[in-house]
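> starting from these lines, generate the structure:
(one chain, ligands or ions: 3)
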Amino acid sequence: MTKSVEITFARSAKPAGGLAVLVADGKGALGPAAVDVDPGGVLEKALRVSEFKGKARSAVDIVAPAGSPADRVVVVGLGDPAKPDADSWARLGGAIAGRFGKAKKVTVFLDAPEAGIDGEAAAGIAMGMVLRAYRFDRYKTKKSDDGNNGDEPDKVKVTIVTAAASAAKKHWADHEAIAAGVILARDLVNEPANILGPVEFAERAAELSKLGVEIDTLTEKEMKKLGMGALLGVAQGSVRPARLVVMRWNGGKAKKKPVAFVGKGVVFDTGGNSIKPAGGMEDMKGDMGGAAAVTGLMHALAARKAKANVVGIIGLVENMVDGNAQRPGDIVTSMSGQTIEVLNTDAEGRLVLADALTYCIDKYKPEFVVNLATLTGAILVALGQYHAGLFSNDDELSERLTAAGLATNERVWRMPMGPDYDKLIDSKNADMKNIGGRYGGSITAAQFLQRFVKDTPWAHLDVAGTAMATAANDISQSWASGYGVRLLDRLVRDHYEK
Ligand code: BES
Ligand code: MN
Ligand code: ZN
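Ligands and ions are numbered 1, 2, ... in the order given. Okay, the predicted model is just below:
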């Protein structure tokens, strides 16, 4: 069971029992609720002794304070409201939820004197709590104290007390939708590959029809007819058949061109005949992080009824070693008609995306296409785990993605592209080969994708470092981060819902 956080907003509440959380401003000052929570003045001493200054997300935890109607009181700092951190409200919510411990009932007072926490901020704080509380423990049959499935309750009731309660409720509808999209993406990435093959993933995506998303699932037979030789070449080594799922949300004006998102969905990547070393191969269950983000994004957009026309396409395959698996040196013909010499069967993501991108652009003629993929280990070498690599043929789209990244703290960093790099994937035997040389591996991968997007404004996000095996932070404690859902929701919200 994923830990669930049930949120209610109220204009006032008495902190009877349970955990009471007070938010202090950047000077460490508390609002009027402090008197209700602590009639005996215990807090003042506690804050003084711990030299609490209201630093962002710092906290003082007081168990059973004398005279308090609450069983436990936590004071959390907000930092300087004049200099907010990126995504500070969600992160504050995350910091608060990080202190829930064994509490089943939590009352959070957002009345810090100089903070001016409005309805949208309160909803952002609530979203941070929900994201922080997420855990993936459905296969743990016993409770344990290992931090993964500790003796924490499965359900926490949180009352958020704010003067802006009614505005907060309105904003919460959107924020709750986005949180659900992130959690869907995390669940898909965390799920092991024996449970989540291409067909099972397609079935999960098809469940979005409940939210009004139109679903079209292509089978191998249909993909063969369309000439998707690149995608199918990867899939041929697996006993589990490939799928291509198209998700469409039509929340915009009828004639308006859609925006499009395409995801790499390799449910497991052994490398194929160019097999990967055994150590760490288990991480390759997350090689569908791009597809998971696109699915989570479609969930978020539909659940919050975004006023935009959006197409989400995911290429779902398993890259396995088998008597029928493709060989290094094989030449395949992509849907675009371009031929590819497969010199390394472990550079499979670009083969899947080549056909998914061609299908997307030919069929939907989108205003732009953004693809997401756990594409290269090299992007981890270049950028580490805190920025996704951004590769694009369009400055405006790049700037918008960069701004959305700063706002959501799902950051991107633009990487170079150009003809010198493109030359590196020319092949003697076919139109191109699927690997470049030793250097700039993330860039040559991007150059490969660009050969399939024609003149469409396009951006490729290499999320190998940000979607899976991610470092824990204020709002994400799981192996999978759900990276990309909030970033792209923000992109759509800020520019394509007018
Ligand atoms: N799925 C991997 C990339 C990857 C590596 C994702 C680490 C997440 C963490 C991809 O299919 C791959 O194997 N790429 C190769 C490309 C090479 C063969 C040109 C790589 O990065 O080594
Ligand atoms: Mn690979
Ligand atoms: Zn891969």
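
> tally of neighbours for whichever residue of the chain sits closest to ligand 2?
Proximity of the chain to ligand 2 (Cβ to the ion) peaks at D346, 3.8 Å away. For every residue, glycine as well, the C-beta is placed using N, CA and C. Here the number of neighbours of D346 (other Cβ atoms under 10 Å) works out to 20.

> ditto for A173
The burial count for A173: 12, using other Cβ under 10 Å.

> that one in helix, strand or coil?
Here A173 is helix, with the state taken from DSSP: H, G, I helix; E, B strand; the rest coil.

> for the residue lying closest to it once chain neighbours are set aside, give me the backbone phi and psi.
In space, and not counting its chain neighbours, A173 is closest to R304: 6.8 Å by Cβ to Cβ, 6 or more residues apart in numbering. In terms of degrees, to the nearest 10, the main-chain angles of R304 are phi -100, psi 10.

> run through the residues that contact R304.
A173, D174, A177, I178 (Cβ atoms under 8 Å, 6 or more residues apart in numbering).

> tell me how far the ends of stretch 417-434 are from each other?
Terminal residues of stretch 417-434 are spaced 16 Å apart (Cα to Cα, to the nearest Å).

> with stretch 332-343 instead?
Using Cα to Cα, the end-to-end distance of stretch 332-343 comes out at 11 Å.

> what's the neighbour count on the residue lying closest to D87 once chain neighbours are set aside?
What sits nearest to D87 in space, not counting adjacent residues and going by Cβ to Cβ, 6+ apart, is N409, at 3.8 Å. By other Cβ under 10 Å, 18 other residues sit near N409.

> with E282 instead?
Neighbours around E282, by other Cβ under 10 Å: 11.

> how many residues are close by E396?
11.

> pretty sure it is touching P457, no?
Yes - the criterion here is Cβ atoms under 8 Å, and E396 meets it with P457 at 7.5 Å.

> shared neighbours of those two, anything?
Shared contacts of E396 and P457, defined by Cβ under 8 Å, 6+ apart, are absent.

> which residues in the stretch 301-450 of the chain form helices?
Counting by DSSP state H, counting those that start in this stretch, the stretch 301-450 of the chain has helices at residues 349-364, 378-383, 395-408, 419-423, 441-450.

> export stretch 107-127 to PDB, keeping only CA atoms.
Only the C-alpha atoms of stretch 107-127 are listed here, as PDB (Å, rounded to 0.1, in the frame of the first residue of the first chain):
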ATOM      1  CA  THR A 107      -3.000  19.800  11.700                       C
ATOM      2  CA  VAL A 108      -0.900  22.300   9.800                       C
ATOM      3  CA  PHE A 109      -1.200  26.000  10.500                       C
ATOM      4  CA  LEU A 110       0.000  28.300   7.700                       C
ATOM      5  CA  ASP A 111      -0.200  31.600   9.500                       C
ATOM      6  CA  ALA A 112       3.500  32.600   9.600                       C
ATOM      7  CA  PRO A 113       3.400  36.400  10.100                       C
ATOM      8  CA  GLU A 114       5.300  37.700   7.000                       C
ATOM      9  CA  ALA A 115       4.800  34.800   4.600                       C
ATOM     10  CA  GLY A 116       1.500  35.700   3.000                       C
ATOM     11  CA  ILE A 117       0.700  32.100   2.000                       C
ATOM     12  CA  ASP A 118      -2.100  32.300  -0.500                       C
ATOM     13  CA  GLY A 119      -4.500  29.600  -1.800                       C
ATOM     14  CA  GLU A 120      -2.200  28.400  -4.600                       C
ATOM     15  CA  ALA A 121       0.800  28.200  -2.200                       C
ATOM     16  CA  ALA A 122      -1.300  26.200   0.300                       C
ATOM     17  CA  ALA A 123      -2.200  23.800  -2.500                       C
ATOM     18  CA  GLY A 124       1.400  23.500  -3.500                       C
ATOM     19  CA  ILE A 125       2.300  22.700   0.100                       C
ATOM     20  CA  ALA A 126      -0.300  19.900   0.100                       C
ATOM     21  CA  MET A 127       1.000  18.500  -3.200                       C
END
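
> I'd like the numbering to begin with 646 instead of 1 from here.
That works, and once the first residue is 646, the last one we named lands at stretch 752-772.

> and P798, how far from V718?
Distance of P798 to V718, computed by Cβ to Cβ, to the nearest Å: 19 Å.

> who has more neighbours out of those two?
V718 (24 against 15).

> list the contacts for whatever residue of the stretch 946-1095 of the chain ends up closest to ligand 1?
The minimum distance from the stretch 946-1095 of the chain to ligand 1, using Cβ to the nearest ligand atom, falls at G1022 (3.4 Å). By Cβ under 8 Å, 6+ apart, the residues touching G1022 are G1086, A1109.

> correct me, but V962 touches V912?
Yes - with contacts counted by Cβ under 8 Å, V962 reaches V912, the gap being 7.3 Å.

> of the two, who's got more company?
Set V962 next to V912 and count neighbours by other Cβ under 10 Å: V962 wins out with 33 against 30.

> now do the contacts for that one.
P843, L876, V879, A880, S883, A887, G910, V911, V912, E993, V997.

> if we use 10 Å, what do you get?
By Cβ atoms under 10 Å, 6 or more residues apart in numbering, the contact list for V962 reads 842-843, 865, 876-883, 885-889, 909-914, 932-933, 993-994, 996-997.
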